[in-house]
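Asker: pasting the structure only:
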Ligand code: ZN
């Protein structure tokens, strides 16, 4: 029997998934986090995710899925590739890791099932999806149906950020009372620099532009 008061949060230690972690803590009685590594350049992510889970007093689990980096080349795991700074007109940026969110949701569902957890929370966003197809709502709904059929369960995948811009995600963190934690303790930067990051990679540009917009509306 699945417990509908409990949630598993896919947590990378970044702005989005950390905001989702605190959203889940507000909305569910029991929360645990799952941090999945996939051979990305910066192992610091795990340490950061663990510290945030400790701060939030929730159980933390790390899963090594490093084999994902051996399946196909992308610039998040291949150190010799130069990272695309924006989406090319005809294809996906080379920061796209094919299948990543499908793998992640599948691992999350198996682990959630083993704990009797019904709810799975992920920080994907269609509004700011950088061209990645596995961040879109239609994919998440389809994956939800597939996982329920695969395990004969009634998982509910929650995507609190699906329709939020980055500025609105900052607003949500503020509403949840964790603006400073998200601003100072998370790692979003593709170059592995905590908080405001390197400032020039695509992830930093999105995060910092959203923060600037949000702070402007506040003042
Ligand atoms: Zn950066």
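Answerer: Received the coordinates, thanks. Values in this document were obtained by computation on a predicted structure and should not be read as measured data.
Asker: close to the ion: what parts of this protein are there?
Answerer: 189, 191, 197-198, 201, 204 (C-beta under 5 Å from the ion). For every residue, glycine as well, the C-beta is placed using N, CA and C.
Asker: in the lowest-mean-pLDDT helix or strand in the chain, which residues are buried?
Answerer: One helix or strand of the chain scores below all others by mean pLDDT, DSSP states H and E: helix 68-71, with a mean of 85. Neighbour counts over helix 68-71 (16 or more other C-beta atoms under 10 Å) mark 68-69 as buried.
Asker: and the next helix or strand past that helix?
Answerer: Counting by DSSP states H and E, the next helix or strand C-terminal to helix 68-71 is helix 100-114.
Asker: for the longest helix belonging to the chain, buried residues please.
Answerer: Across the chain, the longest stretch assigned as helix under DSSP state H is helix 202-218. Neighbour-count burial for helix 202-218 flags 202-208, 210-211, 213-214 (criterion: 16+ other C-beta under 10 Å).
Asker: okay, the residues you listed in JSON lines with pLDDT and distance to residue 171 next?
Answerer: Below are these laid out as JSON lines (pLDDT from 0 to 100; distance: C-beta to C-beta, whole Å):
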{"residue": "202", "pLDDT": "85", "distance to residue 171": "22"}
{"residue": "203", "pLDDT": "88", "distance to residue 171": "19"}
{"residue": "204", "pLDDT": "93", "distance to residue 171": "19"}
{"residue": "205", "pLDDT": "92", "distance to residue 171": "19"}
{"residue": "206", "pLDDT": "91", "distance to residue 171": "15"}
{"residue": "207", "pLDDT": "95", "distance to residue 171": "14"}
{"residue": "208", "pLDDT": "95", "distance to residue 171": "15"}
{"residue": "210", "pLDDT": "96", "distance to residue 171": "9"}
{"residue": "211", "pLDDT": "96", "distance to residue 171": "10"}
{"residue": "213", "pLDDT": "96", "distance to residue 171": "10"}
{"residue": "214", "pLDDT": "97", "distance to residue 171": "6"}
